[in-house]
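Q: just coords:
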């Protein structure tokens with residue numbers, strides 16, 4: 001049976017039809033992912049397209065299935081354990097590692113092409129160029145993603161790591177990589193003349209040394225590009241690295257002349273760039289500012305001093321206000337993920353609705369530590385999709401909202417972004433939580449958020465702080481309603 005399938009798949013027409021079908025599934029799957037209620041179907045559709053592409057490639061290439069089976073077994077085991085054990089708080093780190101894995105795969109594929117076919121006459125010009133791109137972009141993606149993972153998981157300091165002349169060093173590394181890339185593209189089979197020896201002979205840098213130099217420089221660039229990015233900018237960094245992984249895969253597809261890898265990589269790269277642009281607009285900052293400003297390093301201004309006295313409240317106090325409220329908006333942030341309070345919040349929302357209250361969830365594009373973090377978190381708790389409202393959709397209704405419950409969010413509800421021109425986040429669109437009639441902020445303490453900026457919302461006349469673990473606080477509210 002397998003021999004028959006291999007014979008069929010080695011037919012170029014059948015393979016092309018299968019690849020086109022996979023590409024169509026990718027496109028429709030990506031389209032469905034644009035809406036929360038169809039995202040799961042889109043994910044399954046895209047996964048089916050990738051499965052078809054992988055099976056067709058294996059059958060048409062005549063590979064050793066023992067190694068393929070071993071790889072599938074190992075990968076499946078890692079994927080299963082990851083899906084079961086990784087908490088929602090660790091989801092951003094996992095996404096960063098997935099991006100890095102894609103970059104490493106492209107780098108290794110480029111390296112395999114060079115070591116296997118570098119001496120062939122056909123391996124030059126365009127093929128050498130796309131191999132160079134797969135190596136340089138893949139290497140940057142791999143080590144950059146590892147640094148992003150380390151920052152997000154607090155293995156290293158999440159603040160920007162800056163030093164004098166940093167941009168000059170990065171520019172020098174990039175320029176050197178580009179020069180080596182040009183030399184590699186012109187003729188990857190010959191060495192590079194670098195000077196004359198003391199004996200009068202020519203000094204030649206071998207092609208293998210040029211190749212290894214490219215690999216090392218790509219890995220170094222990944223580290224150097226990401227260490228200046230602060231934790232508050234990690235959602236943008238993750239989406240950008242995701243785009244890099246797609247571009248690296250696209251270049252690798254050209255290197256091995258595989259059309260479906262080109263299509264898949266281009267889709268990932270393009271969607272990552274679009275998402276990065278959306279994230280930057282949500283913070284009212286340019287991509288260059290995110291990459292090079294060292295936001296959160298403490299080198300710039302921290303905004304005007306916040307004066308006033310925060311007013312504390314208890315869950316019992318909040319219960320009486322919520323029980324009489326007609327409209328309630330819940331604004332989640334990373335603290336919700338840390339407390340793992342999403343299921344308790346869903347239960348509270350159901351109770352409020354049964355009490356005749358309209359409940360909405362205000363979603364800021366950069367809330368959390370990765371794109372769509374809050375959407376994923378609330379979807380896990382089966383919060384109805386129609387209750388999730390984007391920032392632009394919820395802000396016009398905030399002045400008519402009886403209660404806004406801010407759970408673990410800080411910078412995305414900070415009024416300084418509107419009012420304080422000296423604040424580093426001035427001009428950033430926020431959820432106007434302070435416009436609600438009553439605001440309850442659930443936090444463990446008065447500490448600043450990821451951006452390290454004080455929040456005037458905590459001192460507003462209509463704000464009450466409920467200190468403690470968010471999950472326990474919400475559970476206390478639920479008990480008040482049930483008693």
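A: Thanks, I have it. Nothing here was measured: the structure is a model prediction, and the numbers come from that model.
Q: how about low-confidence regions in the stretch 51-200 of the chain?
A: 62-63, 118-119, 189-200 (pLDDT under 70).
Q: measure residue 46 to residue 268 for me?
A: Distance check for residue 46 against residue 268: by CB to CB, to the nearest Å, it reads 10 Å. All C-beta spots, glycine's among them, are computed from the backbone N, C-alpha and C.
Q: cool, residue 174 as well?
A: When CB to CB is applied, the distance between residue 174 and residue 268 equals 23 Å.
Q: Between these two, which has more neighbouring residues?
A: Neighbours were counted for residue 174 and for residue 268 using other CB atoms under 10 Å; residue 268 has more, 23 against 16.
Q: Verify the stated contact: the more buried one with residue 244.
A: No - the criterion here is CB atoms under 8 Å, and residue 268 misses it with residue 244 at 9.4 Å.
Q: what distance separates stretch 163-171 from the centre of its chain?
A: In terms of CA atoms, centre = their mean, to the nearest Å, the gap separating the centre of stretch 163-171 from the centre of its chain is 25 Å.
Q: hmm, who's touching that stretch?
A: 221, 224-225, 228, 292 (CB atoms under 8 Å, 6 or more residues apart in numbering).
Q: Equivalent analysis for stretch 106-114, please.
A: Outside stretch 106-114, the residues that touch it by CB under 8 Å, 6+ apart are 123, 127, 131-132, 134-135, 137-139, 141-142, 188, 211, 215, 218, 245, 248-249, 251-252, 255-256.
Q: in it, what counts as buried?
A: Taking 16 or more other CB atoms under 10 Å as the neighbour-count basis, stretch 106-114 is seen to contain the buried residues 106-107, 109-111, 113-114.
Q: again, but for stretch 457-466
A: Applying a neighbour-count criterion of 16+ other CB under 10 Å, the buried positions in stretch 457-466 are 457-460, 462-466.
Q: quick one on the thing from earlier: can you tell me which of the buried residues of stretch 106-114 comes closest to residue 360?
A: Each of the buried residues of stretch 106-114 was checked against residue 360 using CB to CB; the closest is residue 106, at 41.8 Å.
Q: low pLDDT regions in the stretch 251-400 of the chain?
A: 292-307.
Q: Would you map the strands across it?
A: Taking DSSP state E, counting those that start in this stretch as the criterion, the stretch 251-400 of the chain carries its strands at 327-332, 358-363, 388-390.
Q: if we can go back for a sec, report the two of the contacts of stretch 163-171 separated the most.
A: Of all pairs drawn from those, the one with the longest distance (CB to CB) is 221 and 292, at 14.0 Å.
Q: Of those two, give the one with the bigger neighbour count.
A: Here residue 221 and residue 292 are set side by side on neighbour count (other CB under 10 Å), and the busier one is residue 221, at 21 against 17.
Q: Apart from its chain neighbours, what residue comes closest to that one?
A: Closest residue to residue 221 in three dimensions, ignoring its sequence neighbours and counting by CB to CB, 6 or more residues apart in numbering: residue 140, at 5.0 Å.
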